[in-house]
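**Q** everything below, folded, please.
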Amino acid sequence: MPNLTFYISENHADKFKNLSDFTRQCSALCCATLGADPKNVHIIFIDVKPGCGQPVYAELFYRLTTWRTHEVMENFMRELDCATHEASGLTTRIRCFGFPAEHLFARN
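**A** Numbering: from 1, shown residues only. Below is the predicted model:
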């Protein structure tokens, strides 16, 4: 399931020089760290009008499992932060939201 959305200030969108490579890196991180099946990873980028806060906001929605412990999620956020900084030089605010499988309904 992991659904990873990046909200990027339109003033900083040009900092991401190679979104294809960054997307592959994020997908690999979801698979290696979160144990996601590659076909279930969904990653999107949305340009937003700047408000206040960090120029990049990353939001992850994921299915709760026994192996996605606090430590695993901390590692995921640390690695995602490093990958985003490497790809853009920007600091990212990261939030992760886990949901029990029985409360998820999906299609496609």
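**Q** which neighbouring elements make contact with the helix of greatest length in the chain?
**A** Identified as the longest helix of the chain according to DSSP state H is helix 70-88. Applying 3 or more C-beta pairs under 8 Å, 6 or more residues apart in numbering; DSSP states H and E, one finds that helix 70-88 contacts helix 19-34, strand 56-63, strand 92-99. C-beta: built from backbone N, CA, C; applies to glycine.
**Q** pull the distance from the longest one to the chain's centre.
**A** By that I understand helix 19-34. Mean-position distance between helix 19-34 and its chain equals 9 Å (C-alpha atoms, centre = their mean, to the nearest Å).
**Q** do the same with the last one
**A** Computed by C-alpha atoms, centre = their mean, the separation of strand 92-99 from the middle of its chain amounts to 8 Å.
**Q** secondary structure class for the spatially closest residue to residue 59 that is not a sequence neighbour?
**A** Leaving aside its chain neighbours, residue 59 sits nearest to residue 5 (4.9 Å; criterion: C-beta to C-beta, 6 or more residues apart in numbering). Three-state call for residue 5 (DSSP: H, G, I helix; E, B strand; the rest coil): strand.
**Q** returning to that earlier point: between the helices and strands packed on helix 70-88, which gets nearest to residue 71?
**A** Set against residue 71 and scored by C-beta to C-beta, the helices and strands packed on helix 70-88 come closest in helix 19-34, at 10.6 Å.
**Q** measure the nearest residue to residue 31 once chain neighbours are set aside to residue 32 for me?
**A** Leaving out its chain neighbours, the residue that sits closest to residue 31 by C-beta to C-beta, 6+ apart is residue 38, at 5.6 Å. Relative to residue 32, residue 38 is positioned 10 Å away (criterion: C-beta to C-beta, to the nearest Å).
**Q** what does residue 2 give?
**A** Per C-beta to C-beta, residue 2 is found 12 Å from residue 32.
**Q** also residue 41?
**A** To residue 32, residue 41 is 11 Å away according to C-beta to C-beta.
**Q** between these two, which is the more surrounded one?
**A** residue 41 (19 against 11; other C-beta atoms under 10 Å).
**Q** just checking, that one touches residue 24?
**A** No - at 10.4 Å, residue 41 does not count as touching residue 24 under the criterion of C-beta atoms under 8 Å.
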